[in-house]
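Colleague: pasted the sequence and its predicted model underneath.
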Amino acid sequence: MVDFAQNVIDEIIDQYMFADNTKRPWIIGFSGGKDSTVMLQLIWKALLECKNFHGFVGRDIYIVCNDTMIENPVITEYVNKILNKIEEAARDQDLPIKIEKTIPKLEDSLWVNMIGRGYPAPNNAFRWCTERLKIKPTSRFITEQVNEFGEAIILIGTRLSESATRARTMNKHSIKGKRLTKHPLQPNTYMYAPIRHLSLEQVWYIIRTIESPWDANNDELFQLYSNASADDYECPVVVTDAKHAPCGQSRFGCWMCTVVKQDKSMSALIDNGFFWLKPLLKFRDEIALERNDIKNRMNLRRNKTEAVNGMGCYTPLYRKDILERLLKVQKEIQQNKPNFELITNQELIAIQTIWYRDFIFDYKVSYIYHKVYNTELQMETKNKRREKELELLKKSCEQEPQNFDLIQELLTLQKNKSLLSRRRGLKDDIETRIEKYLKKGRENGY
């Protein structure tokens, strides 16, 4: 074991066994990238040494991997495979390591907010996605651990040499002479960055020369970075010296990220043979380009106040258009990846619910899905009793057929109000819809 790696392992052993005599769980943020992989490898090695020297390891370790549901699919496939290996190896080696996958709540997902509520695609000025997709899911799990144990320690794979900004942030929260720093937002939670002093070259040296304790092929990770690298210099074939310049400084993220101007890693993957990703990149670029097109925007925000320059939520028509195009992309991708989903059925149902609550009755998610896939997506239970109810309702509205649509819409509002939240506001929604109906009736003379 090289000195710089063993130094980190020794520090981890000291922190795990001696510096802290509590049972506070360790929570490892694992993305499957180079830094979190190296951090977990060194922690794993430290645990094995603790077990060999002391006969036991007594503190629970949770490996938390957050899935935003719009992750780069190539990375998702890789990470899922690695997590399975980690889980199996921890069980075989009798280590107190547990895997936890976190995902956003349904009402926080990207598509429910963008297509359902009409939020414009995120950008630097309105970056509403980070908290909903990344921060909140992991924070919920951390809160659960703090509630159970009183405190928790989060291990992060950040390094001082990553960037000047990263170094300033880490130094700002550090306490002189202490390894642990207080979490800036999460109460009773501390942070520990065991690989903070490693350089990029040392990180790649560990990945390329130290065997994975969970029997993964680290060459695959190296190749992923190589394929996704948009750097101008060439990557060395083998990194066996800590002085060698490593490959791939690109960052992997959400395939639908419209905050960045260009998804360099996705473009590089396509250039290196992952041609099936092309429809994703094309769709992402189109949505980013269309974001500030005034014809796609309403003049009101979600809270019904006037938006600056009339750039409020997406119009119902554009929301419908995004959904149809997204489903077409999904269908195209599924020709190569049959089990791949860009949007879940639960999200589709939630979108329809929100459209009803927004009085959008002209577009139906089931019809859009049927149009793209030429198949039915059952959004409601259709049975003889339902058909009989509709028949009776139509008969009772024969004299004034326009009432049939009104009653249907009011029933739909009542039924869907509680799918995403409590029924608070249902009375106001119904009154608003009736007022619109009466106004239309006065205008049309009935």
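Modeller: That came through fine.
Colleague: does the residue positioned nearest the centre of the chain belong to a helix, a strand or coil?
Modeller: By Cα atoms, centre = their mean, the chain has its centre lying nearest to T68, at 0.9 Å. Assigned by DSSP: H, G, I helix; E, B strand; the rest coil, the conformation of T68 is coil.
Colleague: averaged pLDDT, the helix or strand where E201 lies. What do you get?
Modeller: Using DSSP states H and E, E201 sits in helix 200-209. Averaging the model's pLDDT scores along helix 200-209 yields 94.
Colleague: hmm, back to that, how much space between the residue nearest to the centre of the chain and G33?
Modeller: According to Cβ to Cβ, to the nearest Å, T68 and G33 sit 14 Å apart. No exception for glycine: its C-beta is placed from N, CA and C like everyone else's.
Colleague: same thing with R132?
Modeller: Distance of R132 to G33, computed by Cβ to Cβ: 22 Å.
Colleague: got it, and Y205?
Modeller: Applying Cβ to Cβ to Y205 and G33 gives a distance of 16 Å.
Colleague: so which of these two has more stuff around it?
Modeller: Neighbour count, other Cβ atoms under 10 Å: between Y205 and G33, Y205 has more, with 23 against 19.
Colleague: you'd agree that one is up against D3?
Modeller: No: using Cβ atoms under 8 Å, Y205 makes no contact with D3, being 11.6 Å away.
Colleague: so which elements touch whatever helix or strand A46 lives in?
Modeller: Using DSSP H and E, A46 maps to helix 34-54. Using 3 or more Cβ pairs under 8 Å, 6 or more residues apart in numbering; DSSP states H and E, the elements in contact with helix 34-54 are helix 3-14, strand 26-29, strand 61-66, helix 200-209, helix 218-228.
Colleague: give me the distance from the first one to the chain's centre.
Modeller: The chain centre lies 33 Å from the centre of helix 3-14; the measure is Cα atoms, centre = their mean, to the nearest Å.
Colleague: kindly report the same for stretch 357-372.
Modeller: 25 Å.
Colleague: then stretch 5-16?
Modeller: Computed by Cα atoms, centre = their mean, the chain-centroid distance of stretch 5-16 equals 32 Å.
Colleague: can you pull out the residues in contact with it?
Modeller: Stretch 5-16 is contacted from outside by 1, 26, 42-43, 45-47, 49-50, 57, 59, 179, 192, 194-195, 197-198, 202, 206, 210, using Cβ atoms under 8 Å, 6 or more residues apart in numbering.
Colleague: just the buried residues of that stretch, please?
Modeller: Within stretch 5-16, the residues that count as buried by 16 or more other Cβ atoms under 10 Å are 5, 8-9, 11-13, 15-16.
Colleague: pLDDT value on D263, please?
Modeller: We have a pLDDT of 91 for D263.
Colleague: now N303
Modeller: As predicted, N303 sits at a pLDDT of 89.
Colleague: using the three-state scheme, assign it.
Modeller: Following three-state DSSP, we place N303 in the coil state.
Colleague: quick check: the gap between it and Q145.
Modeller: Relative to Q145, and taking Cβ to Cβ, N303 is found at 35 Å.
Colleague: these two: which has the busier surroundings?
Modeller: Using other Cβ under 10 Å, the more surrounded residue of N303 and Q145 is Q145, with 23 against 6.
Colleague: wait, isn't the more buried one in contact with Y62?
Modeller: Yes: counting by Cβ under 8 Å, Y62 is a contact partner of Q145 at 7.2 Å.
Colleague: any of the contacts of stretch 5-16 buried? List them.
Modeller: 26, 42-43, 45-47, 49-50, 57, 59, 179, 192, 194-195, 198, 202, 206, 210.
Colleague: could you list every helix and strand in contact with the helix holding E201?
Modeller: For helix 200-209, the packing partners by 3+ Cβ pairs under 8 Å, 6+ apart come out as helix 3-14, helix 34-54, helix 218-228.
Colleague: mind putting these in a markdown table, distance to L281 and mean pLDDT included?
Modeller: What follows is the helices and strands packed on helix 200-209, written out as a markdown table (distance: least, Cβ to Cβ, whole Å; pLDDT from 0 to 100):
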| stretch | distance to L281 | mean pLDDT |
| --- | --- | --- |
| helix 3-14 | 37 | 95 |
| helix 34-54 | 23 | 93 |
| helix 218-228 | 12 | 91 |
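Colleague: okay, the ones you listed in CSV with distance to P120 next?
Modeller: Output for the helices and strands packed on helix 200-209, formatted as CSV (distance: least, Cβ to Cβ, whole Å):
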stretch, distance to P120
helix 3-14, 44
helix 34-54, 31
helix 218-228, 28
